[in-house]
Structures are given as structure tokens and as C-alpha cells.
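**Student:** All I have is the shape, not the residue letters:
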């Protein structure tokens, strides 16, 4: 009598425990994006904070202003909204974005102004030096 259990009748056959382990590993790998998304949403809902990377900015190149206007029509409060907006770019230190955002909420006429930041990862070294010199810490 074999105490180690039945042997696989075919040469090179995987043991059931190895096959089950492989299936669990594959299922975990394939479901990771879904579980990550759910956990980030849960974290955001519980803490009331924004999780970096949840939203994206999309830059669209349009051949003319009319095409841009057609694309830019959007739903807001159940109606199609078409409004003129002016994009203001403010360059500041990342450490100052929170203070700047608070200030904008105080002075902006919208109930919820569109305020977000993008880190400057790459660019002209001379420009970044000039920017740094213009934003000396107080």
C-alpha cells in the first residue's frame, strides 16, 4: 500500500495541489485590478478623501473652435450645458497647492470650482531654475 496517495498515471502530470495553487495564483492576478479599484473607492468613501489617479485629464487637439465647442457640450444638472470658460494656469510649488486651492474656493464664484494640480515631471532645466528663483520660500 502506498502511503503517499495515488500516483498520477501519466508521466509529467501535475499534482492536484500544484494545479489548485496555480489556479488561485492566476485568479488573484487577474482580479487584482478589480479589487484595487474597489478598495480605492471604499477608502475614498470612508475617508472622504480623493485617491490620486482616480480621474484623468484628457487633452484633445481640435482642428477649429467649432469642433471644440461641439465636443465640449456636456450634461450638467440634467441639461446640456454649453458655457464659455477661461482656463487659468497657475504655477506653484506642490507644497502650496492645498493653500492655493483653499484660496480659490473662497474667491471663486462657482459652488465647486474646478481646481486640481498636475506635477511637473519633465521640462527645461533653465525654466525650472527660473521658476524656483521666482518662488523663493518665505
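**Tutor:** Nice, I can see it. Computed from a prediction, not measured in an experiment: that's the story for all the values here.
**Student:** check which helix or strand covers the nearest residue to residue 113 once chain neighbours are set aside.
**Tutor:** Distance criterion C-beta to C-beta, 6 or more residues apart in numbering; nearest residue to residue 113, sequence neighbours excluded, is residue 104 at 5.6 Å. C-beta here means a position set from N, CA and C on the backbone, and glycine is covered the same way. Per DSSP states H and E: residue 104 is located in helix 97-107.
**Student:** That helix: which residues count as buried?
**Tutor:** For helix 97-107, the neighbour count (16 or more other C-beta atoms under 10 Å) marks no residue as buried.
**Student:** what about the longest helix in the chain?
**Tutor:** helix 16-47 (DSSP state H).
**Student:** pLDDT on the following helix or strand past that one, on average?
**Tutor:** Next helix or strand after helix 16-47 toward the C-terminus (DSSP H and E): helix 65-72. What helix 65-72 shows for mean pLDDT is 86.
**Student:** what's the answer for stretch 38-45, then?
**Tutor:** According to the model, stretch 38-45 has a mean pLDDT of 78.
**Student:** Tell me which residues of the lowest-mean-pLDDT helix or strand in the chain come out buried.
**Tutor:** The helix or strand of the chain with the poorest confidence is strand 74-76; it has a mean of 74 (mean pLDDT, DSSP states H and E). Buried residues in strand 74-76, defined by neighbour count with 16+ other C-beta under 10 Å: none.
**Student:** Kindly report the same for stretch 58-68.
**Tutor:** Of the residues in stretch 58-68, none is buried (16+ other C-beta under 10 Å).
**Student:** so how far is the first residue of that stretch from its last?
**Tutor:** Terminal residues of stretch 58-68 are spaced 13 Å apart (C-alpha to C-alpha, to the nearest Å).
**Student:** go on, stretch 52-67?
**Tutor:** Termini of stretch 52-67 sit 31 Å apart (C-alpha to C-alpha).
**Student:** how distant is it from the center of its chain?
**Tutor:** Relative to the centre of its chain, stretch 52-67 is centred 15 Å away, using C-alpha atoms, centre = their mean, to the nearest Å.
**Student:** Having no further points to raise, I will conclude here.
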